[in-house]
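give me the fold of what follows.
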Amino acid sequence: MIFAEKLKKERKEKGWSQEELAEKLYVSRQSVSKWENGQNYPSIEIIIKLSDLFGVTIDELLRSDGELTEKVIKDSRQLAYPRMKVFFEILFLVGLAMLLIKLGILGLKNFTDMEIALSGFIWNFGPLVLMVGGGIASDALKKKYKKE
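Model (predicted):
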């Protein structure tokens with residue numbers, strides 16, 4: 001039995017209308033209708049709520065439809081990537097901040113008699129390494145996600 005049929009069967013067994021089920025899930029009636037007609041699939045959060053409402057296992061709901069199973073797997077992969085992507089974007093921004101600080105200090109040196117030493121590997125190459133590394137890693141992650 002595919003997910004759409006299972007959903008409709010379970011809803012009718014409970015004696016609920018699409019509107020009543022939609023209210024319990026905090027979604028629109030149109031969403032429930034699309035799920036029951038096989039036009040769309042719910043998110044994993046909704047599947048968990050459906051499991052609880054109908055007293056069936058998530059496995060029973062998921063394994064009833066191969067396409068839904070694939071969607072859930074894809075959605076779960078998507079959840080893992082944002083954290084890693086944010087990490088690499090933060091590395092890029094730290095490098096950019098270091099570069100702007102260095103440029104600001106160099107500008108101050110030209111207009112004032114301040115003597116601030118910004119030498120060494122970290123100030124000379126750190127911004128470049130962080131920006132290039134963060135940018136390349138973020139792009140690689142984005143390409144990997146698009147393939148999956």
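
could you use CA atoms for every contact and neighbour count after this?
Fine.

what is the longest helix along the chain packed up against?
Longest helix of the chain, by residue count under DSSP state H: helix 66-111. For helix 66-111, the packing partners by 3 or more Cα pairs under 8 Å, 6 or more residues apart in numbering; DSSP states H and E come out as helix 121-147.

in the helix it packs on, what's buried?
Judged by neighbour count using 16 or more other Cα atoms under 10 Å, the buried positions of helix 121-147 are 123, 126-128, 130-131, 133-135, 137-138, 141.

list the contacts for Leu53?
Remark: with contacts taken as Cα atoms under 8 Å, 6 or more residues apart in numbering, Leu53 is in contact with nothing.

ok, Ile116 next?
With Cα under 8 Å, 6+ apart, Ile116 has these contacts: 105, 109.

quick one: it and Glu89, what's the gap?
Counting by Cα to Cα, to the nearest Å, the separation of Ile116 from Glu89 is 29 Å.

low-confidence ranges, this protein, go.
Within the chain, the stretches with pLDDT under 70 are 1, 64, 76-81, 145-148.

quick one: secondary structure of the residue of it positioned farthest from its centre?
In the chain, the residue that sits farthest from the middle, by Cα atoms, centre = their mean, is Asp113; the gap is 49.6 Å. At Asp113 the chain is in coil, as set by DSSP: H, G, I helix; E, B strand; the rest coil.
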